[in-house]
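Peer 1: Using only what follows, build the 3D model:
(one chain, ligands or ions: 2)
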Amino acid sequence: MMADTGDLHGSCLCGGIRYRAALPVFHASHCYCTMCQKQHGAGAGSYANVASAGFVIAQGQDLITEHHSSDDGRRGFCSVCGSNIYWRSTESPDRIAVTLGTLEPEYAGPVERELYTDTKPAWLPSLKPAR
Ligand SMILES: [Zn+2]
Ligand SMILES: [Zn+2]
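Peer 2: Ligands and ions are numbered 1, 2, ... in the order given. Have a look, this model is predicted:
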């Protein structure tokens, strides 16, 4: 179980960017859209959705590049090492989705949602059945 209060902490591969995000996580998801697959170079982008008001870049703001992947989508990544830090939408500025793989320690909460399952790669294993 994750506490409802406190902070998540994350960093990029090179360590240049460090951030924190205030709990709670509204939901966590694996997104299989083709944009996430391309950006992450992986079968999914995995995210924890948190309040943007509680999201703070503690170090390395100048290293973040935002790719405009769609009209409203902004994908923030480290311009040195390429780590994907967040996804945000200009249409819902109150939320930001931080990448589960950059969190330290490892994300301890559940991942409740799978998005764009129509483009989920066949080579990915399935999640365990819902309880
Ligand atoms: Zn980096
Ligand atoms: Zn996606």
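
Peer 1: how far away is the closest residue to V80 other than its chain neighbours from ligand 1?
Peer 2: Distances taken as Cβ to Cβ, 6 or more residues apart in numbering put C14 closest to V80, at 4.9 Å, once the chain neighbours are dropped. Yep, even glycine has a C-beta here, placed from its N, CA and C like the rest. Distance of C14 to ligand 1, computed by Cβ to the ion, to the nearest Å: 3 Å.

Peer 1: My guess is C14 contacts C78. True?
Peer 2: Yes. Counting by Cβ atoms under 8 Å, C78 is a contact partner of C14 at 6.4 Å.

Peer 1: higher neighbour count, the two?
Peer 2: Remark: of C14 and C78, C78 carries more neighbours, 21 against 14, as counted by other Cβ atoms under 10 Å.

Peer 1: tell me the phi and psi of the more buried one?
Peer 2: Dihedral pair for C78: phi -80, psi 130, per degrees, to the nearest 10.

Peer 1: Next, the contact list for it, please.
Peer 2: Applying Cβ atoms under 8 Å, 6 or more residues apart in numbering to C78 gives the contacts C12, L13, C14, G16, I17, G60, L63, I64, T65, I85.

Peer 1: So of the residues you listed, which two are at opposite extremes in space?
Peer 2: The span of those, defined through Cβ to Cβ, is set by L13 and T65 at 14.5 Å.

Peer 1: what bridges to the spatially most central residue of the chain?
Peer 2: Nearest to the geometric centre of the chain sits T99, at 2.2 Å (Cα atoms, centre = their mean). When bridges are called by DSSP bridges, T99 pairs up with Y47.

Peer 1: how far away is it from Y47?
Peer 2: Note on T99: its distance to Y47, by Cβ to Cβ, to the nearest Å, is 6 Å.

Peer 1: Find the residues that touch each one of these two.
Peer 2: Residues touching both T99 and Y47 by Cβ under 8 Å, 6+ apart: Y86, W87.
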